[in-house]
Each structure stands twice: as C-alpha cells, then as structure tokens.
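A.B. asks: below are the sequence and a predicted model for it; my questions follow.
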Amino acid sequence: MAQDRQGTALECLDLAPADPARTAIVWLHGLGADGHDFEPLFRGAARLPAGTRVLLPHAPRQPVTVNGGMTMRAWYDIASPDLTGDPDLSGIRASAEQIIALIEGLEAEGIPAERIVLGGFSQGGVLALWTGLGFHRRLAGIAALSAYLPADPLVDPAQSATPVFQGHGQSDSLIPFALGEAARDRLPQLGARPPEWHAYPLDHGVSDAEVADLLAWLEGVLS
C-alpha cells in the first residue's frame with residue numbers, strides 16, 4: 001500500500017469485483033471529502049466491465065490555507081482563491097508519489113497499467129492529471145472532472161496517446177470554467193492527447209449527464 005507523508009498506510013476504500021480483477025479505476029476525491037464521496041457512483045455501476053476493481057483513496061489530513069488553516073482531507077494546500085497563484089507543487093508531488101504507489105501495487109497484483117484508469121474530481125482531478133500524465137507506463141485513461149492545471153505537468157511519452165476525459169460545469173463558482181478550458185487547450189501543447197471535453201450547465205459538482213458520459217467513456221477505454 002502507498003505511504004503518506006508520515007509513513008503510515010494511505011487509507012483506501014477498495015471496491016473489489018465479484019469476478020477476478022482484470023481492470024482497475026483509481027478515483028481521487030475533492031478537497032474536504034474522502035473516498036466515500038464517489039462510492040455511490042462506482043459501487044455496482046452496471047456499465048463498468050466485469051472484473052473492474054475500484055480504489056477510492058482518502059487524502060491525508062492537513063491544514064488548508066484558503067479555508068482559514070482548517071485541517072481536512074486534502075491532496076495539497078491551496079493558498080488563496082487564485083488557484084494558479086503560488087501553487088503547492090511540493091504537496092502535489094508528494095501526493096502524486098502516493099498515488100503512483102497505489103498504481104504500482106495494482107500492477108504487482110497482476111493488473112497492467114494499460115488496464116488502469118486514474119481519475120478524480122476537483123482537487124482530485126488536478127492530481128489525476130498531474131500524476132497520470134507523468135506516469136512512466138501507459139495508462140488506460142485519465143479523467144478529470146471540474147479540474148485545472150496549477151502549473152504545467154510533465155507529460156511522459158508513454159501517455160502521449162492516452163485517452164483523457166474532461167468535464168466541467170459552466171457555472172463553476174470554485175474552479176472557474178475558463179480554467180478547465182485552459183487545461184483542455186494546454187494539454188495537447190504539452191504532448192498529451194486532446195481531451196474528450198464535456199461542458200455542463202451546473203456549478204461545482206457532478207450531474208447525472210456527466211456521470212453517464214463518464215461511465216460511457218470508462219466502458220470504452222477499459223473494454
């Protein structure tokens with residue numbers, strides 16, 4: 001299992017399939033939530049291929065500056081509402097190492113990287129893009145909902161053709177829609193495949209339409 005910054009095991013909700021696991025999804029929650037946040041979406045999702053294992057890790061607890069220093073589950077610190085100003089790149093890299101350890105653990109158990117999707121929502125989507133695009137073996141796909149790029153991630157050549165799914169609410173009051181569009185436009189310039197882009201008439205959240213589009217995409221990249 002992955003190790004957090006204090007060397008203890010990274011907590012993780014593991015949705016094991018009834019059939020032997022042949023594919024996997026690692027899904028990262030948003031700021032202040034935990035792995036249970038997306039459990040209803042993935043538990044028993046009919047459109048996932050048989051044998052799909054879903055890991056829903058819980059971010060370590062840490063003070064978050066933009067929230068008055070309140071301690072909560074967070075993949076990295078956020079200094080201010082200006083999400084691209086003074087990003088916590090050391091925190092992002094530390095969390096990325098934890099997620100890489102989860103992926104490598106799945107590989108060690110017999111699920112190759114090319115059968116693993118890394119995805120997330122909000123802060124988790126940021127980390128999914130950063131970690132997935134830099135991973136040194138091709139993944140099945142990378143998904144980012146309501147996310148942005150705090151800085152340019154390193155895109156490993158192994159991910160140059162990896163499918164990317166991006167969805168974003170047009171009225172997002174926490175992560176502006178324009179930041180999602182900027183990430184969409186920036187990724188091909190960095191060497192990634194142009195994302196499959198979806199815009200939705202909603203604030204910072206996930207709609208039924210977005211869930212349907214995401215599950216259809218997951219079915220396609222994991223089948």
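C.D. replies: Everything's here; your move. Numbering: from 1, shown residues only.

A.B. asks: which helix is the longest one in this protein?
C.D. replies: Using DSSP state H, we find that the single longest helix of the chain is helix 89-108.

A.B. asks: ok, residue 206 to residue 90 distance?
C.D. replies: From residue 206 across to residue 90, the span is 29 Å (C-beta to C-beta, to the nearest Å). C-beta: built from backbone N, CA, C; applies to glycine.

A.B. asks: these two - which one has more neighbours?
C.D. replies: Using other C-beta atoms under 10 Å, the more surrounded residue of residue 206 and residue 90 is residue 206, with 20 against 10.

A.B. asks: residues in a beta bridge with the nearest residue to the more buried one once chain neighbours are set aside, which ones?
C.D. replies: Counting by C-beta to C-beta, 6 or more residues apart in numbering, residue 206 lies nearest to residue 145, which is 6.1 Å off, once chain neighbours are set aside. Beta-bridge pairing of residue 145 under DSSP bridges involves residue 121, residue 167.

A.B. asks: in the helix or strand hosting residue 197, what counts as buried?
C.D. replies: According to DSSP states H and E, residue 197 maps onto strand 196-200. Using 16 or more other C-beta atoms under 10 Å as the test for burial, strand 196-200 gives 196, 198, 200.

A.B. asks: could you do stretch 114-132 as well?
C.D. replies: Buried, per 16+ other C-beta under 10 Å, within stretch 114-132: 115-132.

A.B. asks: alpha carbons of it, as PDB, please.
C.D. replies: Listed next in PDB are the C-alpha coordinates belonging to stretch 114-132 (Å, rounded to 0.1, in the frame of the first residue of the first chain):
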ATOM      1  CA  GLU A 114      -2.700  -0.100 -19.600                       C
ATOM      2  CA  ARG A 115      -5.800  -1.600 -17.900                       C
ATOM      3  CA  ILE A 116      -5.900   1.100 -15.200                       C
ATOM      4  CA  VAL A 117      -7.700   4.400 -15.300                       C
ATOM      5  CA  LEU A 118      -6.700   7.300 -13.000                       C
ATOM      6  CA  GLY A 119      -9.400   9.900 -12.400                       C
ATOM      7  CA  GLY A 120     -10.700  12.400  -9.900                       C
ATOM      8  CA  PHE A 121     -12.900  15.400  -9.100                       C
ATOM      9  CA  SER A 122     -11.800  19.000  -8.400                       C
ATOM     10  CA  GLN A 123      -8.600  18.800  -6.400                       C
ATOM     11  CA  GLY A 124      -8.500  15.100  -7.100                       C
ATOM     12  CA  GLY A 125      -8.900  15.800 -10.800                       C
ATOM     13  CA  VAL A 126      -5.900  18.100 -10.700                       C
ATOM     14  CA  LEU A 127      -3.900  15.300  -9.100                       C
ATOM     15  CA  ALA A 128      -5.100  12.800 -11.600                       C
ATOM     16  CA  LEU A 129      -3.900  14.900 -14.500                       C
ATOM     17  CA  TRP A 130      -0.600  15.700 -12.800                       C
ATOM     18  CA  THR A 131       0.100  12.100 -11.800                       C
ATOM     19  CA  GLY A 132      -1.300  10.200 -14.700                       C
END
